[in-house]
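Undergrad: predicted structure and sequence below. I'll ask about it afterward.
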Amino acid sequence: MSRITSTGALYALLALAVAAMPGCEGETEPGDPDAAVGGEGEGEGEGEGEGEGEGEGEGEGEGEGEGEGEGEGEGEGEMCMPGTLYADPDADGFGADDAQTTQGCAADNPGFAASSGDCGPTDPWRNPAAQEICGDYVDDDCDGADSPCPETAPAGLDIPEWDCTGDPPANVYAWARFDNGGGYFENGACFVFFEALPAEFYVQRVNVVRTGDPAACATRNGCTCPSLNDWPSYDRRLYAFTRAEADPCAEITIIDHGGEDQPVSNDCRKYLYQLHFYDIDQSFFAAGMEALQRRLSLFPIVEIACAEDAPHANLPFQSLLTARIETNPGFTPKE
C-alpha cells in the first residue's frame, strides 16, 4: 500500500471519529453519499487519493476516481461552538432577550435559537432580520420604530394590465382572486403581486368594486362594512391583509382617530400597505425576492376585513372575504 493510500485511510478514520462526536452537527446527514469517503465521486483537498479500478490517478489538486477507489477530502460540515440559546417559539431564528435559555448547539435544540433580540417572539415576521412593513404602526425589524411607506406610484413602474383571468404577464409573481364577492364587492375582484422595477415588488387592487352603493353611503362613510343596530357603516376601516393560517387568529382593533397610532398588523395578519385608501390602486410591497417569498409563504391568504373600532361596540371586527394566493410559474425576474 502506498504512502498516499495509507494517509487517505488515516484521514478517513479521523473523519468518521469527528462525525461521531455528540452535541454538534454539520451540514451532511448520515447516509449522504456526498459525505462518504472513497467510492465513486469527487474529492477535494490537499494531496487527494488515488483511485483503484477505472481511472487511476495520483497527485495534488482536484481529481476523480471511479470503482474501488480510496481518497481523502475535506467535508463541508462545520463543528458548532456550544453557547447560550434562547427559546424561539415562532422558529424565525431569534429569541427574545428575556426568553428561557439553555446551553448547547442550536442544531441539537429544536425550539431554540443562538440569537436574541426578537421583539415579536410569537410572530415569525417580526425579528431583527425582517423587512419592515411600512405604515402599520408596528415595529417589524425590532429597531424601535415603524417606517413610513415609500412612494406608491413613482415614475416608470411596469404595472400589468391584467384582471386575474387567462395567462398572467411575465412580471406578475402571484395573485389572489375573489371569484365570489359575497355581496360586498363585484365577483372577480383580485390582488396582483408584481415586479414593477428590478427587485421592487408592488401589490395592485384590480376590480375591487363595491356593490349596492347608494348616494346615502357618501354621508355614512360607505356601506360595505356591516355595523350593528343600524348605525352608520365605516368603509374607512376597510383593510386588506395577508393572512396566516392560524386558529384562533387575533382580531384587529384600532382607535377612532386617524392621527394616533393604530396598529393594523398582528402575529397572523399583515397590513397590505396603503390599499385601504380607495384612490390608491397599487402600493409598494417588498424589496427583493427573498422578502417577497418569505412574506407570501408565512401569510398565504389575502383577506378583506373590517377592523374593530375600539370606542364603538357597534363597529365590530368582521372578515368579509378571503382568497388563497397563487403563484405564476411563468414569472420572469427583471434584470
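TA: Sure thing, it's come through. Residues are numbered from 1 along each chain as shown.

Undergrad: need the pLDDT of Cys80.
TA: Model confidence at Cys80, given as pLDDT, is 82.

Undergrad: wait, it touches Gln103, no?
TA: No. Judged on C-beta atoms under 8 Å, Cys80 makes no contact with Gln103 at a distance of 12.0 Å. (C-beta placed from N, C-alpha, C; glycine too.)

Undergrad: of these two, who's got more company?
TA: The neighbour comparison of Cys80 against Gln103 (other C-beta atoms under 10 Å) goes to Cys80, with 16 against 10.

Undergrad: how close does the spatially closest residue to that one that is not a sequence neighbour sit to Val264?
TA: Distances taken as C-beta to C-beta, 6 or more residues apart in numbering put Cys105 closest to Cys80, at 4.1 Å, once the chain neighbours are dropped. Relative to Val264, Cys105 is positioned 39 Å away (C-beta to C-beta, to the nearest Å).

Undergrad: go on, Glu303?
TA: Distance of Glu303 to Val264, computed by C-beta to C-beta: 12 Å.

Undergrad: any common contacting residues for those two?
TA: Shared contacts of Glu303 and Val264 (C-beta atoms under 8 Å, 6 or more residues apart in numbering): Phe241.

Undergrad: how near is the residue nearest the centre of the chain to Ala286?
TA: The residue lying closest to the centre of the chain (C-alpha atoms, centre = their mean) is Arg294, at 1.4 Å. From Arg294 across to Ala286, the span is 9 Å (C-beta to C-beta).

Undergrad: same check, this time on Ala244
TA: 16 Å.

Undergrad: which one's more surrounded, these two?
TA: Taking neighbours as other C-beta under 10 Å, Ala244 and Ala286 compare with Ala286 leading, 23 against 20.

Undergrad: and the gap between that one and Asp279?
TA: Distance check for Ala286 against Asp279: by C-beta to C-beta, it reads 22 Å.

Undergrad: contacts for whichever strand or helix holds Ser297?
TA: In this structure, Ser297 sits in helix 289-298 according to DSSP states H and E. Applying C-beta under 8 Å, 6+ apart, the contact partners of helix 289-298 are 124-125, 131, 173-174, 193, 199, 201, 242, 244, 270, 285-286, 325, 327, 333.

Undergrad: please redo it, this time with the cut-off set to 6 Å
TA: If you take C-beta atoms under 6 Å, 6 or more residues apart in numbering as the criterion, helix 289-298 is touched by 124-125, 131, 201, 286, 325.

Undergrad: what's the answer for stretch 115-125, then?
TA: By C-beta under 6 Å, 6+ apart, stretch 115-125 touches 86, 89-90, 92, 94-97, 126-128, 139, 142, 267, 298.

Undergrad: grab the two from these that are most spread out in space.
TA: Spatial extent of these (C-beta to C-beta) is set by the pair Asp97 and Leu298 at 22.8 Å.

Undergrad: so which of the two has more stuff around it?
TA: Relative neighbour count places Leu298 above the other of Asp97 and Leu298, with 17 against 11, counting by other C-beta under 10 Å.
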